[in-house]
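Colleague: structure, please.
(chains A and B)
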Amino acid sequence: MAGYRADEEYDYLFKLVLIGDSGVGKSNLLSRFTKNEFNLESKSTIGVEFATKTTKVEGKVVKAQIWDTAGQERYRAITSAYYRGAVGALLIYDVTRHATFENAARWLRELRGHTDPNIVVMLIGNKCDLRHLVAVKTEEAKAFAERESLYFMETSALDATNVENAFTEVLTQIHKIVSKRSVDGGGESADLPGKGETINVKEDGSVLKRMGCCSN
Amino acid sequence: MIADAVSKSDHKRDAYGFSVRPQHVQRYREYVNIYKEEEVERSARWSNFLEFHAESGVSPTNGSSENTHVNPSESDKKKEKELNKGAERKDLNADKPGSDLTPGNAREEDEVPNREKNVHKVQLWAEIRPSLQAIEDLMSVRVKMKGDSTNGEQEAQKLNSLASTDETESSKGVCENDSEDEFYDAERSDPIQDGSSDGTSVSSMSAAADAASLVSACPWKDELEVLIHGGAPMALRGELWQAFAGVKKRRVKNYYQNLLAADSLGNDIEQELMQHTDEKGSSTDPLSVVEKWKGQIEKDLPRTFPGHPALDDDFRNALRRLLTAYARHNPSVGYCQAMNFFAALLLLLMPEENAFWSLTGIIDDYFHDYYSEEMLESQVDQRVLEELLRERFPKLVHHLDYLGVQVACVTGPWFLTIFINMLPWESVLRVWDVLLFEGNRVMLFRTALALMEFYGPALVTTKDIGDAVTLLQSMTGSTFDSSQLVFTACMGYQNVHESKLQELRSKHRPAVIAAFEERLKGLQAWRDSKDTATKLHNSKQDPNSVLASKASLSNGSLSRSESGSSYADDIFISLTGDCEIDIFQDLQGQVLWLKGELHKLLQEKRSALLRAEELEVALMEMVKQDNRRQLKAKIEQLEQGVTELRRLVSDKREQESAMIQVLMRMEQEHKVTEDARRLAEQDAATQRYAAEVLQEKYEEAVAALAEMEERAVMAESMLEATLQYQSGQVKAQPSPRQLKQDLPVMVSP
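Modeller: Next up, the predicted model:
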């Protein structure tokens, strides 16, 4: 029982996945969000890793259960099994490496092939602290996000820019969908969004414009 | 190197130089002394063992007599170690030359590990110490058996690797036209693969059995097993692992250097490799694949044991070489994340080339098909483990099912990393000791089962997935009692053994392959459906097989249709009866013959119909293909047209822009002249104005002049008058008369 404490109370439990190419900073984004730690000397992720964090979203206690996946292509066969049941995803690329952005479409397809169509997906350009090395323009990424109806932010796990915002935004959007549904569905206590019901994330396209980005 | 790490070790790093997680530092400290005691104990046991078996002369090596001299010195070494508890190997080695009283050759041999340690970076290859040669010979029997076993198996393996390269190719969409073909090839070869891996298992089992029979003749095998369960001593570990992996047996001289020479000699070797591995002739592919590995390797170099004191630039370069060499050695695996950890661990324990051969032993043999592009065996193993868990811990599995935990999300990484980064280092090394000794993956399963036995009771109390997974991960990370772990694993789960695992693997493999193919199909569907030729090919092939099967079916239904078609026969007879009767006297025979004929005809008709149908289908398909082809041609034409038009448009646009530029220039010029004109006009106006002003001034001056003249005239006339008056006065003076005369004159004007 070492190290195990009784789980705290929470209103919602949301499963999120972090996907994206190798070395874009998935693990560091996760550790920045869950432990407020950044490690320049991080180790390669093998298979999947896992962490949780409890936050408040619109007055509700939300427990985020975040799955960090290995980036190497051949691991997708294994990691895609853990997409199931995810209600949110952070699709991460490295703003200094254009190839990682080009691969976003493939990641997205893989994700959509394994998850509920209503999954909230945020495209994240990480390492935006490396301004002099930027290879992916914010507009380019924004256009892609709009086309694929994804949310978009640029973050830096190193200086913590937007990390909290990104996760919170995803959780908020999920919460919106879920609470809307629970109202529609006669107030049944909301679990993960069930299958069969469709909620068009695209409908509120205004979100994209509301989102901040750290390009300044 | 390890000794260096030890001497530098502070509370944040363990005896091997690896960092200890902050939350575990306390527990690690509790175990440090236990580890030291264990190390002393096992060093003594190992030196006794080596001493004994060298004396008993079991060792077939010619160096056995020397070993008797060596080993006492080693045991001396260990005893010394025992004396200064917690002493490090470095100190020992420093003490060694002074205290060494053994004969010269023994000393020399003892210095091998010394040199190996100090000159490690320069030295690529070193033989293991002679005292371990007997073990090496015993263990390399496995390698020999595998290597020399039937050609069929090797061919099957080749086929395997071919199939997998095909699959990677098709998944890369390089050979678009053949991709589906190859896909089916891969599918077809899968049973072969099954067969072959079964074959391997059988042959390896038989090899193991042979080895076992050989080994059972060897009286110290069991003792060795007990010893290895107790762990390998730090000083011997690297060499023992090499002995277990059969490094010496595997080694082909200069192979490693040649693999690496590709860099310095340009692409020659890569091309050679390409010809070996890829006979389909997509020339750029293997190169780009090599590049792909390179990128991934570069990304992972700094992410391998970050912060470890021994991992300097030289070490990273060696790691790069090792991984690159392996990727070239086995292109069907290439580089897979996790191998960086294995390679680095091996490099910490042995010279570079030795590490390479150990790595090939581990990944080519023990983890065959585990890290390849599809990672199939890894997934198979997870299913096998799940079944074993279900069998052993039904209550726990039930609870995890209830929470929705997929155990594989935790155990998958355990297996893939062979517990590196998952367990505390002492435990990792202990597991590796046994795994390499056994030469298969049984220890993975046993360890996982032992861990579940330890932590299952706590897991049952968890209330959601997150807690369960976090708890299991954190508890696994604090499994400092390595001896308990290894003993529970090896003793408690003896009935989990290779043959049982093979059985379970072949049971679960089809599902994994099916899932893989499903995924591959999804990928395929996503890609361009350019593979028209292959579809045609398949539609050609398929009808044939269908036809064949239908033909056999209709043959089979002959007897059935005999009775059914008797009605038709009767009609036939009644129709043709008249003439036939004359020819055949025996009505019965006639009927029979007719029946036979009719059957034949019917059968022919049926098959003809079938064939027609199939042909129709095929034709339709072909027509479709043709249509597609025509359409494609049209599209291509149109596309060409479009590009032409586009080019024209762009030309026009260019011209236009040129014209526009010219126009603009003209306009500019025009503007300039206009400006100039306006300026001139302005100038003129100002001049005109100035002229006017001057004119005015001139006129004024003229007027002034005229006035002056007038005045002058007046003045003159006045002067004249005055003069006249004066002259009059002067005349009048002499005579008053004259003056009187003059006066009226003067008044009159």
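Colleague: need the contact list for the closest residue to chain B within chain A.
Modeller: Nearest residue of chain A to chain B (C-beta to the nearest C-beta) works out as residue A:41 at 3.1 Å. Using the backbone N, CA and C atoms, a C-beta is placed for each residue, glycine as well. Residue A:41 makes contacts with B:302, B:303, B:306, B:307, as judged by C-beta atoms under 8 Å, 6 or more residues apart in numbering or on different chains.
Colleague: which one is the first one nearest to, not counting chain neighbours?
Modeller: It refers to residue B:302. residue A:41 (7.0 Å; C-beta to C-beta, 6 or more residues apart in numbering or on different chains).
Colleague: coming back round to it: quick one: classify the residue of chain A closest to chain B as helix, strand or coil.
Modeller: Three-state assignment for residue A:41 (DSSP: H, G, I helix; E, B strand; the rest coil): coil.
Colleague: separation between it and residue B:706?
Modeller: From residue A:41 over to residue B:706 the distance is 109 Å, taken as C-beta to C-beta, to the nearest Å.
Colleague: next one: residue A:71
Modeller: For residue A:71, the distance to residue B:706 - C-beta to C-beta - is 109 Å.
Colleague: neighbour count: the two, which is higher?
Modeller: residue A:71 (27 against 10; other C-beta atoms under 10 Å in any protein chain shown).
Colleague: which positions in chain A make contact with chain B?
Modeller: Counting by C-beta under 8 Å from any C-beta of the partner chain, the positions of chain A adjacent to chain B are A:1-4, A:7, A:13, A:15, A:22-23, A:39, A:41-52, A:63, A:65, A:67, A:70, A:72, A:74-75, A:77-78, A:80-82, A:85, A:109, A:113.
Colleague: narrow the residues you listed to those in helices?
Modeller: A:77, A:78, A:109, A:113 (DSSP state H).
Colleague: which residues touch the residue in the stretch 201-350 of chain B that chain A sits nearest to?
Modeller: Nearest residue of the stretch 201-350 of chain B to chain A (C-beta to the nearest C-beta) works out as residue B:306 at 3.1 Å. For residue B:306, the contact set (C-beta under 8 Å, 6+ apart) comprises A:39, A:41, A:42, A:43.
Colleague: ok, now residue B:316?
Modeller: Applying C-beta under 8 Å, 6+ apart, we find residue B:316 in contact with B:301, B:302.
Colleague: how does it look with 10 Å?
Modeller: Residue B:316 makes contact with B:298, B:301, B:302, B:304, B:344, B:347, according to C-beta atoms under 10 Å, 6 or more residues apart in numbering or on different chains.
Colleague: touching, the fourth one and residue B:322? I think so.
Modeller: In this case it means residue B:304. No. In this structure residue B:304 lies outside contact range of residue B:322 using C-beta atoms under 10 Å: 11.0 Å.
Colleague: need the residues touching each of the two.
Modeller: Counting by C-beta under 10 Å, 6+ apart, the common neighbours of residue B:304 and residue B:322 are B:297, B:339, B:340, B:342, B:343, B:344, B:347.
Colleague: and the gap between the fourth one and residue B:670?
Modeller: What that stands for is residue B:342. From residue B:342 to residue B:670 the distance is 78 Å (C-beta to C-beta).
Colleague: equivalent analysis for the third one, please.
Modeller: Applying C-beta to C-beta, one obtains 71 Å for the distance of residue B:340 from residue B:670.
Colleague: give the residue from these two that has the larger number of neighbours.
Modeller: Set residue B:340 next to residue B:670 and count neighbours by other C-beta under 10 Å: residue B:340 wins out with 26 against 10.
Colleague: where does that one land on pLDDT?
Modeller: Residue B:340 is assigned 93 on the pLDDT scale.
Colleague: now do residue B:661
Modeller: pLDDT, residue B:661: 91.
Colleague: the one 4 residues further on now?
Modeller: In the predicted model, residue B:665 carries a pLDDT score of 92.
Colleague: same thing with residue B:508?
Modeller: pLDDT at residue B:508 comes out at 94.
Colleague: quick check: nearest residue in space to it, chain neighbours excluded?
Modeller: residue B:383 (4.0 Å).
Colleague: got the contact list for that neighbour?
Modeller: Residue B:383 makes contacts with B:408, B:504, B:505, B:507, B:508, B:509, B:511, B:512, as judged by C-beta under 10 Å, 6+ apart.
Colleague: 8 Å instead, please
Modeller: Contacts of residue B:383 by C-beta under 8 Å, 6+ apart are B:508, B:511, B:512.
Colleague: per-residue confidence at it?
Modeller: Reported pLDDT for residue B:383: 94.
Colleague: where does it land in three-state SS?
Modeller: Residue B:383 - assigned by three-state DSSP - is helix.
Colleague: ok, it to residue B:415 distance?
Modeller: Residue B:383 is 12 Å from residue B:415, by C-beta to C-beta.
Colleague: over to residue A:9?
Modeller: From residue A:9 across to residue B:415, the span is 35 Å (C-beta to C-beta).
Colleague: comparing the two, which residue is more hemmed in?
Modeller: For residue A:9 versus residue B:415, neighbours defined as other C-beta under 10 Å are more numerous around residue B:415 (25 against 8).
Colleague: where's that one, which helix or strand?
Modeller: Taking DSSP states H and E as the definition, one finds residue B:415 inside helix B:408-416.
Colleague: just after that helix, pick out the following helix or strand.
Modeller: Scanning forward in sequence from helix B:408-416 by DSSP H and E, the next helix or strand is helix B:425-438.
Colleague: how close does the residue positioned nearest the centre of chain A sit to residue B:709?
Modeller: Closest to where the C-alpha atoms of chain A average out (C-alpha atoms, centre = their mean) is residue A:90, at 2.3 Å. Note on residue A:90: its distance to residue B:709, by C-beta to C-beta, is 108 Å.
Colleague: tell me how many other residues surround residue B:381.
Modeller: As a burial measure, residue B:381 scores 26 neighbours (other C-beta under 10 Å).
Colleague: what residues are up against it?
Modeller: Residues in contact with residue B:381 (C-beta under 8 Å, 6+ apart) are B:370, B:415, B:441, B:444, B:445, B:505.
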